[in-house]
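[1] the amino acid sequence is not available; the structure is as follows:
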């Protein structure tokens, strides 16, 4: 489970499976999407371009993959990677108290979409 990052503007980061890969592997999935403009820190920085997207296994609640196109995506993806490696459910990020305002806080909002 190795993350990848492109340091473009905004940054693009990914870890795990894409939506198509998860479907091809037979997973029943739920998809969460969040516009970066909804994240409080993105607003305070004036960096509101982009999108967060996560793929979750409906049976286990585990995160199968995540793609982030937003400010500080290369930093935020590490948080998702750790939850995936620990095989914890997405609710850890949905319900966790994350520092405010940060881009990582957007994960609370993203996973609340499920």
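    Yep, that arrived. In this text, all values refer to a predicted model and were calculated from it rather than measured experimentally.

[2] which residues touch the helix ranked longest in the chain?
    Counting residues, the longest helix found in the chain (DSSP state H) is helix 73-85. Helix 73-85 is contacted by residues 1, 3, 5, 7, 10-16, 50, 54, 62-63, 66, 68, 70, 90, 92-93, 103-104, 106-107 when judged by C-beta atoms under 8 Å, 6 or more residues apart in numbering. Just so you know, the C-beta spots here come from the backbone N, C-alpha and C atoms, and that holds for glycine as well.

[3] write the PyMOL selection for whichever of those residues are buried.
    Written as a PyMOL command, the selection of buried residues from those, which uses 16 or more other C-beta atoms under 10 Å, is:
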select buried, resi 3+5+10+11+12+13+14+15+16+50+54+62+63+66+68+70+90+92+93+103+104+106+107
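
[4] buried residues in stretch 77-92?
    Within stretch 77-92, judged by 16+ other C-beta under 10 Å, the buried ones are 77, 79, 80, 81, 83, 84, 89, 90, 92.
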